[in-house]
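Q: prediction below, plus the sequence it came from.
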Amino acid sequence: MPSALAELNQWVDDVARHVRCDRVHWCDGSEDEARLLEARMLESGELLRLNPESHPGCVLHRSDPDDVARVEHLTFVCTREEADAGPNNHWMDPVAAHAKMDALFAGAMQGRTLYVVPYCMGPIDSPLARCGVELTDSPYVVANMRLMTRMGSAALARIEREGRFVRGLHSTGELDPERRFIMHFPEELTIKSYGSGYGGNALLGKKCHALRIASHQARQEGWLAEHMLIVGVENPRGQTHYIAAAFPSACGKTNLAMLIPPDGYARDGWKVWTVGDDICWMSPGEDGRLWAINPEAGYFGVAPGTSGRTNPNAMAMLQRDAIFTNVAVDADGRPWWEGLDGEPALDWQGRPIAEGRPAAHPNARFTVSARQCPTLSPQVEEPRGVPISAIVFGGRRPSLMPLVFEARDWAHGVLVGASMGSETTAAAAGDVGVMRRDPMAMKPFCGYHFGDYWAHWLSFDRPGAKLPRIFHVNWFRRDADGDFLWPGFGDNMRVLEWILRRVDGEVGVVETPIGGLPRVDDLDMHGLAMDASTLETLLAVDLDGWRREIDDIGEYLDGFAPRVPPRLEAERRRIREALDAA
Ligand SMILES: Nc1nc2c(ncn2[C@@H]2O[C@H](COP(=O)(O)OP(=O)(O)OP(=O)(O)O)[C@@H](O)[C@H]2O)c(=O)[nH]1
Ligand SMILES: O=C([O-])CC(=O)C(=O)O
Ligand SMILES: [Mn+2]
């Protein structure tokens, strides 16, 4: 057996020859290297320096206007058997897909440098962590990977020790949307991405590795790779519970992970600790609980809407050493986006501001190291992770879905996750505001058949397991004028508190056919000006609406036959019958 490093060297040599790059640069992750790459990008215009007085170390990247979000229609899962990718994925035969990608990559890096980026997803000493190597011709990708992962020498040393890594090959290509593909070969632990330099398309450690490839691997190895934030909530008695929450892209994970509780809570001694804002790898521990790590080391967060009112923690960490992508700038060269005070001077493409079009792109992002998060949990580097007490599902639902409810048990919770729906957002190319099913917020990210995925989820319910309770939340109910009924952001703490009081057995529920809802008096509404009828609306179960919803869920699940676990359909029928009897 050749050593992992010999294999890596061979692969790098083969790729370098194929793409005909001018140079190969092995990234060590050092400060010097980062400064060197940044200087090169400032010189080439790939990066612009933001106001060094107000935002020291901050830079702006303007992406190609046709390359501003993940491209789900160009993202493929290439399993040997088409059925294994499932109706939830686009599929291509692996042989055909390799041929297609190899043709695109042939000679693609002439005149360019090939960067070798070894990275570790998760604390470097964690048994739950996994490594990969991304080969890319984009220094912008390298700069982002350095903030988002444990990148460089330590990762390379672990790869040498462990002998196993995910191979990712990426080129920005010509940025031609007709020549853009994000291909996954989960059975070969391989990713090939061509023609985009943006976010989840190009930072291969994130969605490609940590979700699509990892979910496939997790199924074989008995763990879960999920699109979830991880947040620690410390009560006034000093006990911390960890919550993992799956919301679709641009539906509030970063915000919930960094929540600042409303006044009264802080006075009483409640604290919130950020573990992760996007991805969660969970594995059953010897004690039967699920233990979770955040595989990432930074945040690639949505800029618009982020402000001192909504997410003061994020604002604090964005004052220095951050990369901004597709934000606007003000007259003083400071980053600007919708939701901030002040006036933009140039929009995300560097044009003068024009009436009627947003100044920042709606999917404009910041990249920043987790070390700059004021509420970073002291547990983030803990190799065994943190124990999860509650799993929360949620999405953008303007109607029907109550503020919060609790699933009866694990199997019901899996159905609640599997039937999640949400309005689409600017995080992916395509229409915005269209309702679609997004099971466990994994529609764009599950690397295998959803039917098998739900069966895998159900399989955690076994003797000795001490599983988290499962909840569903909705911060996005709207009134007739289209305004949000729930204030959201910091006030979501009120719902988290209720969830944890359920976990600790301190409060009961109102039993309904869809699950347990809070008794109105158990939600702490102190200091919140909300009339009783609004709260009533937020906590109501519209039986007719739910009958239609449950039927719609049935039709959706049928699309995954014959691999839908019978247990899931049985749960669905039980709820339908309870609704009929109600
Ligand atoms: N009304 C309302 N909006 C919210 C709330 N939480 C977040 N948002 C807005 O939703 C958008 C996306 O929020 P994020 O927290 O960045 O979403 P995310 O799930 O981390 O997104 P990805 O990084 O794409 O996975 C931002 O514009 C937020 O301001 C909330 O509780 N209520
Ligand atoms: O992957 C990306 O580009 C950003 C992200 O977190 C998401 O879309 O969920
Ligand atoms: Mn995400």
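A: Here it is on my side, so go on. Ligands and ions are numbered 1, 2, ... in the order given.
Q: quick one: the helices in the stretch 251-400 of the chain?
A: 253-257, 263-268, 312-317 (DSSP state H, counting those that start in this stretch).
Q: buried residues, the last one. List them.
A: If I follow you right, that is helix 312-317. Pro312, Asn313, Ala314, Met315, Met317 (16 or more other CB atoms under 10 Å). For the C-beta atoms, the positions are set from N, CA and C on the backbone; glycine is no exception.
Q: Ala99 versus the first one, what's the distance?
A: Right, the one you point to is Pro312. 51 Å (CB to CB, to the nearest Å).
Q: again with the last one
A: In this structure, Met317 and Ala99 are separated by 44 Å, where distance is defined by CB to CB.
Q: Phe366 too?
A: The gap separating Phe366 from Ala99 is 38 Å, by CB to CB.
Q: between the two, which one's more packed in?
A: Remark: of Phe366 and Ala99, Phe366 carries more neighbours, 24 against 11, as counted by other CB atoms under 10 Å.
Q: circling back: so which of the helices of the stretch 251-400 of the chain is nearest ligand 2?
A: helix 253-257 (8.0 Å; CB to the nearest ligand atom).
Q: what lies in contact with that closest one?
A: 227-231, 245, 247, 274-278, 299, 301-302, 306, 310-311, 314, 488-489, 492 (CB atoms under 8 Å, 6 or more residues apart in numbering).
Q: state the mean pLDDT of that helix.
A: When pLDDT is averaged along helix 253-257, the result is 98.
Q: now do stretch 28-39
A: On average, stretch 28-39 scores 97.
Q: check stretch 453-461 too.
A: 98.
Q: would you mark the buried spots in that stretch?
A: Quick answer for stretch 453-461 (16+ other CB under 10 Å): Tyr453, Trp454, Ala455, His456, Trp457, Leu458, Phe460.
Q: with stretch 53-70 instead?
A: For stretch 53-70, by 16+ other CB under 10 Å, it's His55, Cys58, Val59, Leu60, His61, Arg62, Ser63, Asp67, Val68, Ala69, Arg70.
Q: now render these as TSV, adding pLDDT.
A: What follows is the buried residues of stretch 53-70, written out as TSV (pLDDT from 0 to 100):
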residue	pLDDT
His55	98
Cys58	98
Val59	98
Leu60	98
His61	98
Arg62	98
Ser63	98
Asp67	98
Val68	98
Ala69	97
Arg70	98
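Q: need those in TSV (columns: distance to ligand 1).
A: Output for the buried residues of stretch 53-70, formatted as TSV (distance: CB to the nearest ligand atom, whole Å):
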residue	distance to ligand 1
His55	20
Cys58	19
Val59	20
Leu60	19
His61	17
Arg62	20
Ser63	16
Asp67	16
Val68	13
Ala69	9
Arg70	9
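Q: what is the nearest of the residues you listed to Ala34?
A: The shortest approach to Ala34 among these belongs to Val59, at 11.2 Å (CB to CB).
Q: OK, contacts around the closest one?
A: Val59 sits next to Glu38, Met41, Leu42, Leu47, Leu48, Arg49, Leu50, Ile323, Phe324 when contact means CB under 8 Å, 6+ apart.
Q: export those residues to a markdown table and tack on neighbour count and secondary structure?
A: Compiled in a markdown table, the contacts of Val59 are given as follows (neighbours: other CB atoms under 10 Å; DSSP: H, G, I helix; E, B strand; the rest coil):
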| residue | neighbour count | secondary structure |
| --- | --- | --- |
| Glu38 | 19 | helix |
| Met41 | 19 | helix |
| Leu42 | 13 | helix |
| Leu47 | 22 | coil |
| Leu48 | 16 | strand |
| Arg49 | 13 | strand |
| Leu50 | 22 | coil |
| Ile323 | 23 | strand |
| Phe324 | 28 | strand |
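Q: point out the residues in this structure that sit beside ligand 3.
A: Ser249, Asp278 (CB under 5 Å from the ion).
Q: up against ligand 2, what does the chain have?
A: Arg70, Gly199, Gly200, Lys206, Lys207, Ser249, Asp278, Phe300, Ala427 (CB under 6 Å from any ligand atom).
Q: and the first one, how far is that from Asp341?
A: Spelled out, it's Arg70. For Arg70, the distance to Asp341 - CB to CB - is 30 Å.
Q: repeat that for Gly482.
A: Separation of Gly482 from Asp341 (CB to CB) stands at 23 Å.
Q: likewise for Gly252?
A: Relative to Asp341, Gly252 is positioned 22 Å away (CB to CB).
Q: before we move on, what about Ala331?
A: The value you get for Ala331 to Asp341, if CB to CB is used, is 14 Å.
Q: looking at the two, which one has more neighbours?
A: Ala331 (11 against 8).
Q: for the helix or strand containing Val95, give the mean pLDDT please.
A: Here Val95 sits within helix 94-105, counting by DSSP states H and E. The average of the pLDDT scores along helix 94-105 is 98.
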